[in-house]
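A.B. asks: Sequence below, structure please.
(one chain, ligands or ions: 1)
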Amino acid sequence: MSFQVHSQDFIARSRDALADAPLQSALGKLRMGLSVRRREAVAALPEFEALREEAAALRDYTLATLDRQLETFEAQVRARGGEVHWAPDAASARAIILELCQRYGAKKVLKGKSMVTEELELNEHLEAHGLRCVETDLGEYIVQLRRERPSHIVAPAIHLRKEDVAESFAAHHVGREHADRSTAEALMAEAREELRAHFLSAEVGITGANFAIAETGSTVIVTNEGNGDLTQSLPKVHIAVTGIEKVVPTLEDASTLLRVLARSATGQEASVYTTFSTGPRRPEDPDGPEAYHVVLVDNGRSAMLGTEFEAMLRCIRCGACLNHCPVYGQVGGHAYGSVYPGPMGAVLTPQLAGLDDTVHLPTASTFCGACEAVCPVKIPLPSLLRRWRQRAYDARLDGDRARWLLRLWAFFAARPRLYHPLLSAATMMLGWLAGPGGSFRRLLGGKAWTESRNFPAPEGGSFLAGLQGEEFAPTPRKAPSR
Ligand code: SF4
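C.D. replies: Sure, this is the predicted structure:
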């Protein structure tokens, strides 16, 4: 498995992210933007819950018949003059794509936004073989200039402010010393002008695919900038790269998924551009690529079929779980050290890269359940995260301190007559010590919590006591010091 992650430093990177004021300001916009827009879009569509059910069932059916759907897809692509290439792992996918670029004499390659090519570390590979790769999605273009990775699967540059983008353009765009970079519109216009020359001079366009439709052999991409259309139609060769799980049986099925995708991702009824590619240009077509290739990437996906993690393959990469995750909302995507951040990444990455190197990722969750509640294909993300934690515990990967604390807690929890009085006493003590402010700025053994936020003192009573009908009694507080 060549999918490289460096999640061991998750905790250190999270600390840095929490102390990074510009990043926190950028993430604040995420919390107020995409999640609010999704809520409004969902409220405007009464059948949204029914659509989620339908979408989840459709993804499960597709996964149960994946071999058949993929064979049908391949046959349809070939019938329309395209070629299909099967890549069992990242190395073979990179080799196939490089060979295709060399076959067509490419020197410059356009890229549409594609998380699977990030997973393959494709740009680095092509550039190491002398090709120039130009990202055409605005967010991807910006992070490419900065030599960074995307920090979000839908909004790659969400961690940046307008000022950061202006700085990057000033550093990389030659001959534009006096460009106005004071507004987002001016920055977009500048990027468009820079990209235009590349669109007209690249020999190969590489895109991802949101879906691959078995009955027609089409690949589908959704964008808001139209860059995907230009990437796949202007160069003489179009290579679509996608995971094997992205296949759907019919056009009708793709339309069901598109309805939940745009609303969940950006709160739109539909993305601005939804583009279907079916084979190379035909004689009667006014434009389009002369050659059309689809690279179907496995890279660990088929190993998930039939396992407790199969539901993760339903994912349609909408990003809603990231937008609603309190952990992602605080630390951003780069802290995860993986191409796939947030709750979906914390489940998927251990599968793709192995649990040994990613053991911190499944712990990056409060189990609040927001990710599952918004997922358009109803993936039980908290339950899958819990399974990874169980595996980490069973394999003794979670560290001695965590194991010791869990054992201690289990000892008391299994003895209710001891557990409840001790819990009550600890609650009273903490409440009293916290004083009138009701929270701690320092706590023995709780440094990881208190160094970035206060620890609220218990208010009194307990959840269990409440269930048993006991009246709530506020914890007495220490008198304020004068
Ligand atoms: S797990 Fe669900 S919410 Fe998260 S990106 Fe995938 S489809 Fe969207």
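
A.B. asks: ok, which stretches of the stretch 101-250 of the chain are strands?
C.D. replies: Ranges of strands within the stretch 101-250 of the chain are 108-111, 132-135, 204-207, 211-213, 218-223, 237-243, 247-248, based on DSSP state E, counting those that start in this stretch.

A.B. asks: Make a markdown table from the ones you listed and add mean neighbour count to it.
C.D. replies: The way it works is simple: take the backbone N, C-alpha and C, and place the C-beta from them, glycine included. Shown next, in a markdown table, are the strands of the stretch 101-250 of the chain (neighbours: other C-beta atoms under 10 Å):
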| stretch | mean neighbour count |
| --- | --- |
| strand 108-111 | 25 |
| strand 132-135 | 20 |
| strand 204-207 | 28 |
| strand 211-213 | 26 |
| strand 218-223 | 24 |
| strand 237-243 | 25 |
| strand 247-248 | 26 |
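
A.B. asks: how about a markdown table for the ones you listed, with distance to Phe411 and mean pLDDT added?
C.D. replies: What follows is the strands of the stretch 101-250 of the chain, written out as a markdown table (distance: least, C-beta to C-beta, whole Å; pLDDT from 0 to 100):
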| stretch | distance to Phe411 | mean pLDDT |
| --- | --- | --- |
| strand 108-111 | 55 | 96 |
| strand 132-135 | 54 | 96 |
| strand 204-207 | 55 | 97 |
| strand 211-213 | 51 | 98 |
| strand 218-223 | 52 | 95 |
| strand 237-243 | 44 | 98 |
| strand 247-248 | 49 | 98 |
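
A.B. asks: So for Gly329, which of those strands sits nearest?
C.D. replies: For these, the distance to Gly329 is smallest for strand 218-223, at 24.1 Å, taking C-beta to C-beta.

A.B. asks: ok and the closest one relative to strand 237-243, angle-wise?
C.D. replies: 90 degrees (axes from the mean of the first three to the mean of the last three C-alpha atoms, to 10 degrees).

A.B. asks: Can you check which of the strands of the stretch 101-250 of the chain gets nearest to Gly354?
C.D. replies: strand 237-243 (18.1 Å).

A.B. asks: How far off centre is the closest one?
C.D. replies: Centre-to-centre, strand 237-243 and its host chain are 20 Å apart (C-alpha atoms, centre = their mean, to the nearest Å).

A.B. asks: which neighbours does it have in its sheet, and in what orientation?
C.D. replies: strand 204-207 (parallel), strand 291-297 (parallel) (DSSP bridges).

A.B. asks: Would you format the strands of the stretch 101-250 of the chain as a markdown table with distance to the ligand included?
C.D. replies: Listed next are those as a markdown table, based on distance: least, C-beta to the nearest ligand atom, whole Å:
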| stretch | distance to the ligand |
| --- | --- |
| strand 108-111 | 21 |
| strand 132-135 | 21 |
| strand 204-207 | 19 |
| strand 211-213 | 13 |
| strand 218-223 | 13 |
| strand 237-243 | 12 |
| strand 247-248 | 14 |
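
A.B. asks: Within range of the ligand, give me the residues from this protein.
C.D. replies: Within the chain, the residues that sit near the ligand (C-beta under 6 Å from any ligand atom) are 264, 315-321, 344, 374-377, 379.

A.B. asks: most neighbours, which of those?
C.D. replies: Ala320 (29 neighbours; other C-beta atoms under 10 Å).

A.B. asks: So which of the residues of the chain next to the ligand sit within strands?
C.D. replies: Using DSSP state E to define strands, no part of the residues of the chain next to the ligand is located there.

A.B. asks: Which of these sits closest to Gly217?
C.D. replies: For the residues of the chain next to the ligand, the nearest to Gly217 is Ile316 (19.7 Å; C-beta to C-beta).

A.B. asks: Next up, the contacts around that closest one.
C.D. replies: 55, 59, 210-211, 257, 260-261, 376-377 (C-beta atoms under 8 Å, 6 or more residues apart in numbering).

A.B. asks: make it 6 Å
C.D. replies: By C-beta atoms under 6 Å, 6 or more residues apart in numbering, the residues touching Ile316 are 257, 261.

A.B. asks: from now on call the first residue 38
C.D. replies: Fine by me, first position is 38 from now on; the one you just mentioned is Ile353.

A.B. asks: Could you measure from it over to Tyr373?
C.D. replies: To Tyr373, Ile353 is 20 Å away according to C-beta to C-beta, to the nearest Å.

A.B. asks: returning to that earlier point: which members of the residues of the chain next to the ligand occur in helices, if any?
C.D. replies: Using DSSP state H, 301, 357-358, 381, 411 are the members of the residues of the chain next to the ligand that sit in helices.

A.B. asks: Make sure Glu318 is actually in contact with Gly325.
C.D. replies: One correction, residue 318 is Arg, not Glu. Yes: at 3.4 Å, Arg318 counts as touching Gly325 under the criterion of C-beta atoms under 6 Å.

A.B. asks: Centre of the chain to stretch 241-259, how far?
C.D. replies: 19 Å.

A.B. asks: Quote the end-to-end distance of it.
C.D. replies: Length of stretch 241-259, first residue to last, C-alpha to C-alpha, to the nearest Å: 19 Å.

A.B. asks: and what of stretch 233-248?
C.D. replies: Across stretch 233-248, first to last residue, C-alpha to C-alpha, it's 27 Å.

A.B. asks: Run through who's touching that stretch.
C.D. replies: Against stretch 233-248 from outside (C-beta under 6 Å, 6+ apart): 138, 141, 143, 145-149, 151, 153, 171, 256-259, 265, 267-269, 271-272, 274-277, 279, 283, 285, 291.

A.B. asks: Ok, stretch 392-406 next?
C.D. replies: 42, 44, 47, 363-364, 383, 386-387, 419, 422, 425-426, 429, 434.

A.B. asks: Run a quick neighbour tally on the nearest residue to Ala228 once chain neighbours are set aside.
C.D. replies: Leaving aside its sequence neighbours, Ala228 sits nearest to Leu175 (C-beta to C-beta, 6 or more residues apart in numbering; 5.6 Å). When neighbours are counted by other C-beta under 10 Å, Leu175 registers 19.

A.B. asks: With Gln181 as the reference, measure out to Leu175.
C.D. replies: 11 Å.

A.B. asks: Point me to the residue of the stretch 138-287 of the chain nearest the ligand.
C.D. replies: Ile190 (6.4 Å; C-beta to the nearest ligand atom).

A.B. asks: which residues does that residue contact?
C.D. replies: Counting by C-beta under 6 Å, 6+ apart, Ile190 has contacts 152, 354, 356.

A.B. asks: Now tabulate those in CSV and tack on pLDDT.
C.D. replies: Output for the contacts of Ile190, formatted as CSV (pLDDT from 0 to 100):
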residue, pLDDT
Met152, 95
Arg354, 97
Gly356, 96
